[in-house]
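Trainee: Curious how this folds, go ahead:
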Amino acid sequence: MLKYTPIINAKLVETKKLRDRFLGYLEDATKHSRINMGEIICVGRDYWTKVIDMHDDIDGFREFSHKRIELYPSLLNRTEHVLGVKVDTKCEMKESYPTATYKSFTVLLAKLLEKYLESAL
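Mentor: Numbers count the residues shown, from 1 in each chain. Model prediction:
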């Protein structure tokens, strides 16, 4: 892990900006009356890919990173299959969103799932 510290630190500011933008996107999505889970899954997958790909692939860093964060893409895949959601093929976040109240992907995704399931009833 320590050997990857310089790689992580080199893109720390960009990574945090992207994370904050994604959290803002998720929180903004919770405020909509209709949850577009297909778009949320697409944006989530895109986010995790961008976070890893923005770093140089030195000494197997990207493979290491994929293993460290595999919980999140797995959660998105599981959501797609359990809910039978048709995932958007093209999606993009806006350049900015309001600052998110929550700093947890998991909490925001749980809120979105709860709202999505309530609307399905």
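Trainee: Assess the claim that I7 and H55 are in contact.
Mentor: Yes - if you go by Cβ atoms under 8 Å, I7 and H55 touch, sitting 5.4 Å apart. C-betas here are computed from N, CA, C, even on glycine.
Trainee: okay, and the common contacts of those two?
Mentor: Common neighbours of I7 and H55, counting by Cβ atoms under 8 Å, 6 or more residues apart in numbering, are F61.
Trainee: The closest residue to L75 other than its chain neighbours: neighbour count?
Mentor: Computed as Cβ to Cβ, 6 or more residues apart in numbering, the closest residue to L75 that is not its neighbour in sequence is L109, at 6.7 Å. When neighbours are counted by other Cβ atoms under 10 Å, L109 registers 20.
Trainee: so where's this structure uncertain?
Mentor: Low-confidence segments of the chain (pLDDT under 70): 1, 121.
Trainee: residue closest to the middle of it?
Mentor: G44 (3.5 Å; Cα atoms, centre = their mean).
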